[in-house]
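K.L.:
mind looking at a prediction? Sequence and model below.
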Amino acid sequence: MKHAFIDRFASLESPIHGLTPSLKIRLTFLALVLLLFGIPILTIPHIWHGLLLYAGLILLAALISRVPFPFLLTRSALVLPFSVLIVVVNYFSGNFSFPQMIETVCKSLLSIFTLLLLSSTTPFHEILKQLSRWRAPKLFIIILSFMYRYFFLLAGEIEALERAVHMRHSSVSGWKRILVYTNMISMLLVRSYERAENVYQAMQMRGFTGDFR
Amino acid sequence: MHIPDGFLNTPVTLATGGISAVALAYSLKRVNETIKPEQIPLMGLMASFVFMIQLFSFPIGVGTSIHLTGALLISILLGPMVGFLIMTVSLLALALLFQHGGLLSLGANILNMAGVGCFIGYGIYRLIPSQRSSLIIAGLLSGIASAVLCSFELALSGMLDLSSAFKTMLLIYGLTGLIEGVITLFILEFLRKVKPELVEGPG
């Protein structure tokens, strides 16, 4: 079972990890607004200079944070299928010029890189703590923290289900495969539901009365 | 399809963000009024469940794979307001932790997936009495509604030429929606056999 598959680099130590979550969330938001809406307007004749400067700064931040580069790059590359598809469609319908194509792909890569840097230098529970300090609705934060708490267990359940399917149905293909997948999802749903019941009973035993406000 | 950052312009970002924020505030208010204590851990686990099924895509042949959004399923099991809340929470986590969709385009993604699935899809599901056909039609129509919304958001941002790409979008999304409807039907049939008390919820 892979335990820390989500924000596994968030607990490293570096000057970037040491910044307060509040500052990092604000900076990320500001950086994204600047990248997506600011740079294209402010640096209009030389958008490339703006983008290069941004890329330089964010790469520097990534270097300081000591989050492994291969991880950052492969994760950022996940956006490529979508962005390449969109720009290629636009290119062939005559909507985009070649430089526009490259610019759009670069912008989507850089923005995902920025977001990735936030989530791999700030533990998720710190982000939640900060959000609740900013008076985000209680119920919202509670659902988010429950969700985060149970990712790891559900990932384990999925792994077990996949192994079971693999052992019994490895040769199944086509439509039957969808049926198998459906049963897997349903089973996961049933197990999540039963776990929620158990969790609630445990919470009740510890004195939870339903008052979370 | 989760729209990443970098594909929507300022007005579209602000408009979709605004609509989603209002919808979220409304659903939070409604859920806060009616929530039962035992639903709190359930909502968290269901959010986790939605997160998981959005990550685990399955191959449908010819090199493509799809995944469910889960919006229709969750709305049927727990009601559309709770469903919308859960979907929003999962989409936020998917954007922050797995970079599925961007942070500034989150509003658009909430609208396209949570809004359409939980309100339009569920609404259609309730309109038609026979469960089999209603699920399939609800899936298909919410797929088409997602396609329309997504294409218009991209087109208004100058990222899509409607005349050439709209039909393809409709086809892909319609098909995905149809598959979602069929799979949701299968899941509900399975639940009826294994854990009937789950299906007889508020839906």
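P.N.:
That came through, no problem. Residues are numbered from 1 along each chain as shown, chains lettered A, B, ... in the order given.
K.L.:
B:Gly115 reaches B:Ser20, doesn't it?
P.N.:
Yes - B:Gly115 is in contact with B:Ser20 according to C-beta atoms under 8 Å; the separation is 7.1 Å. For glycine as for every other residue, the C-beta is placed from the backbone atoms N, C-alpha and C.
K.L.:
who's more crowded, those two?
P.N.:
B:Gly115 (27 against 22; other C-beta atoms under 10 Å in any protein chain shown).
K.L.:
give me the below-cutoff pLDDT ranges for chain B.
P.N.:
For chain B, the stretches with pLDDT under 70 are B:58-65, B:201-203.
K.L.:
now it against chain A: closest residue?
P.N.:
Residue nearest to chain A within chain B (C-beta to the nearest C-beta): B:Gly44, separated by 2.1 Å.
K.L.:
same for the strand or helix carrying that residue, what does it pack against?
P.N.:
Taking DSSP states H and E as the definition, B:Gly44 sits inside helix B:39-55. Counting contacts by 3 or more C-beta pairs under 8 Å, 6 or more residues apart in numbering or on different chains; DSSP states H and E, helix B:39-55 packs against helix A:138-169, helix A:175-205, helix B:71-78, helix B:80-98.
K.L.:
minimum distance to A:Arg26: which of those helices has it?
P.N.:
helix B:80-98 (14.8 Å; C-beta to C-beta).
K.L.:
the helix or strand just after that closest one close to chain A?
P.N.:
For helix B:80-98, the following helix or strand on the C-terminal side (DSSP H and E) is helix B:106-109. No - contact of helix B:106-109 with chain A is not found when judged by C-beta under 8 Å from any C-beta of the partner chain; the minimum separation is 10.6 Å.
K.L.:
hang on, the earlier thing: tell me what angle the helix holding B:Gly44 forms with helix B:80-98.
P.N.:
50 degrees (axes from the mean of the first three to the mean of the last three C-alpha atoms, to 10 degrees).
K.L.:
helix B:39-55 versus helix A:175-205: what angle between them?
P.N.:
Using the same axes, to 10 degrees: helix B:39-55 against helix A:175-205 is 150 degrees.
K.L.:
list the contacts of residue 99.
P.N.:
Answering for chain A, as no chain was given. Residues counted as contacts of A:Pro99 (C-beta atoms under 8 Å, 6 or more residues apart in numbering or on different chains): none.
K.L.:
looking at chain B here, not the other one
P.N.:
A:75-76, A:78-79, A:112, A:115-116, A:119, B:4.
K.L.:
look up the closest residue to it, ignoring the ones flanking it.
P.N.:
A:Ile112 (4.9 Å; C-beta to C-beta, 6 or more residues apart in numbering or on different chains).
K.L.:
correct me, but the one you found touches B:Pro4?
P.N.:
Yes - assessed by C-beta under 8 Å, A:Ile112 is found in contact with B:Pro4 at 6.2 Å.
K.L.:
give me the common contacts of these two.
P.N.:
In contact with both A:Ile112 and B:Pro4: A:79, B:99, B:102, using C-beta under 8 Å, 6+ apart.
K.L.:
out of those residues, which is nearest to B:Ser142?
P.N.:
B:Gly102 (22.3 Å).
K.L.:
how many neighbours does that closest one have?
P.N.:
Neighbours of B:Gly102 using other C-beta under 10 Å come to 26.
K.L.:
again, but for A:Ile41
P.N.:
A:Ile41 - counted by other C-beta under 10 Å - has 10 other residues nearby.
K.L.:
which strand or helix spans it?
P.N.:
Using DSSP H and E, A:Ile41 sits within helix A:39-42.
K.L.:
distance between the following helix or strand past that helix and the chain's centre?
P.N.:
Under the assignment DSSP H and E, the closest C-terminal helix or strand after helix A:39-42 is helix A:47-65. Mean-position distance between helix A:47-65 and its chain equals 21 Å (C-alpha atoms, centre = their mean, to the nearest Å).
K.L.:
hmm, who's touching helix A:47-65?
P.N.:
A:12, A:14-17, A:31, A:34-35, A:39-40, A:42-43, A:69, A:72, A:103, A:106-107, A:110, A:113-114, A:117, A:120-121.
K.L.:
list the buried residues of it.
P.N.:
Neighbour-count burial for helix A:47-65, counted by 16 or more other C-beta atoms under 10 Å in any protein chain shown, picks out A:47, A:50-51, A:54, A:58, A:61-62, A:65.
K.L.:
what is the nearest of these to chain B?
P.N.:
Nearest to chain B among the buried residues of helix A:47-65: A:Leu51, at 11.1 Å, using C-beta to the nearest C-beta.
K.L.:
figure out how far stretch B:113-131 is from the centre of its chain.
P.N.:
11 Å.
K.L.:
just the C-alphas of that stretch, formatted as PDB.
P.N.:
Only the C-alpha atoms of stretch B:113-131 are listed here, as PDB (Å, rounded to 0.1, in the frame of the first residue of the first chain):
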ATOM      1  CA  MET B 113     -19.400  18.900 -13.800                       C
ATOM      2  CA  ALA B 114     -21.000  19.400 -10.400                       C
ATOM      3  CA  GLY B 115     -23.700  22.000 -11.500                       C
ATOM      4  CA  VAL B 116     -24.700  20.100 -14.600                       C
ATOM      5  CA  GLY B 117     -24.600  16.600 -13.100                       C
ATOM      6  CA  CYS B 118     -26.300  17.400  -9.800                       C
ATOM      7  CA  PHE B 119     -28.900  19.900 -11.000                       C
ATOM      8  CA  ILE B 120     -29.700  19.300 -14.700                       C
ATOM      9  CA  GLY B 121     -28.900  15.500 -14.600                       C
ATOM     10  CA  TYR B 122     -30.700  14.900 -11.400                       C
ATOM     11  CA  GLY B 123     -33.600  17.100 -12.400                       C
ATOM     12  CA  ILE B 124     -34.100  15.000 -15.600                       C
ATOM     13  CA  TYR B 125     -33.700  11.800 -13.600                       C
ATOM     14  CA  ARG B 126     -36.600  12.900 -11.400                       C
ATOM     15  CA  LEU B 127     -38.800  13.900 -14.300                       C
ATOM     16  CA  ILE B 128     -39.000  10.600 -15.900                       C
ATOM     17  CA  PRO B 129     -40.700   7.800 -13.900                       C
ATOM     18  CA  SER B 130     -39.000   4.700 -15.300                       C
ATOM     19  CA  GLN B 131     -35.600   4.400 -13.700                       C
END
